[in-house]
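[1] just a sequence and a predicted model for now, questions to come.
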Amino acid sequence: MPTTIILLFTLVLLQLAGYLVFSRNSDARFKRRYFPPFVTLSGLLVVLIARDGWWLAAPLVLLVIYRQIKSTQFCDFCGATSWMPQARFCATCGARLTD
């Protein structure tokens, strides 16, 4: 029980730090480099929190991690984040999004 609370608290702090870092930073190259490890670490913490049901949670979390990494795009011009995989242009500045 205390371990779960510590892991949950760590996950909340990680998500808060991720929000602050990724929303305030306009460097697309930085986001492309550190977003996948951030999402992977967050998913690992979710699986660790599941503990007894890790075997059920792990495949689902892996699917979410894969989809989140593949569908997230970053604008090279303004650094905005696009969560829509079909987007071709940045919703913030209108620049073309690259794959």
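    Thanks, I have the structure now. Residues are numbered from 1 along each chain as shown.
[2] the residue positioned nearest the centre of the chain: what's it in contact with?
    Centrality entry for the chain: nearest residue to the mean C-alpha point is residue 39, 3.8 Å, by Cα atoms, centre = their mean. Residue 39 makes contacts with 65, 68-69, as judged by Cβ atoms under 8 Å, 6 or more residues apart in numbering. C-beta here means a position set from N, CA and C on the backbone, and glycine is covered the same way.
[3] nearest to residue 28, of those?
    Using Cβ to Cβ, residue 69 is the member of the contacts of residue 39 that lies nearest residue 28, at 14.9 Å.
[4] which of the three states applies to the closest one?
    Counting by DSSP: H, G, I helix; E, B strand; the rest coil, the backbone at residue 69 sits in helix.
[5] ok, for it, nearest residue in space, not its chain neighbours?
    Nearest non-adjacent residue to residue 69, counting by Cβ to Cβ, 6 or more residues apart in numbering: residue 36, 5.0 Å away.
[6] residues contacting residue 74?
    28, 31-32, 35, 80-82.
[7] the protein: helices as residue ranges?
    For the chain, the helices defined by DSSP state H cover 2-24, 28-50, 54-71.
[8] can you list the strands that the helix or strand bottoming out on mean pLDDT in the chain pairs with?
    Least confident helix or strand of the chain, by mean pLDDT, DSSP states H and E, is strand 81-82 with a mean of 90. Using DSSP bridges, the strands paired with strand 81-82 in its sheet are strand 73-74 (antiparallel).
[9] so for the partner strand, mean pLDDT?
    Averaging pLDDT along strand 73-74 yields 92.
[10] any idea how far that strand is from the chain center?
    Remark: strand 73-74 is offset 12 Å from the chain centroid, using Cα atoms, centre = their mean, to the nearest Å.
[11] coming back round to it: which of the contacts of residue 39 lies closest to residue 86?
    Nearest to residue 86 among the contacts of residue 39, with distances taken as Cβ to Cβ, is residue 68, at 15.3 Å.
[12] just give the nearest non-adjacent residue to the closest one, would you?
    residue 39 (5.3 Å).
[13] likewise residue 80?
    That would be residue 92: by Cβ to Cβ, 6+ apart, it lies 4.0 Å from residue 80.
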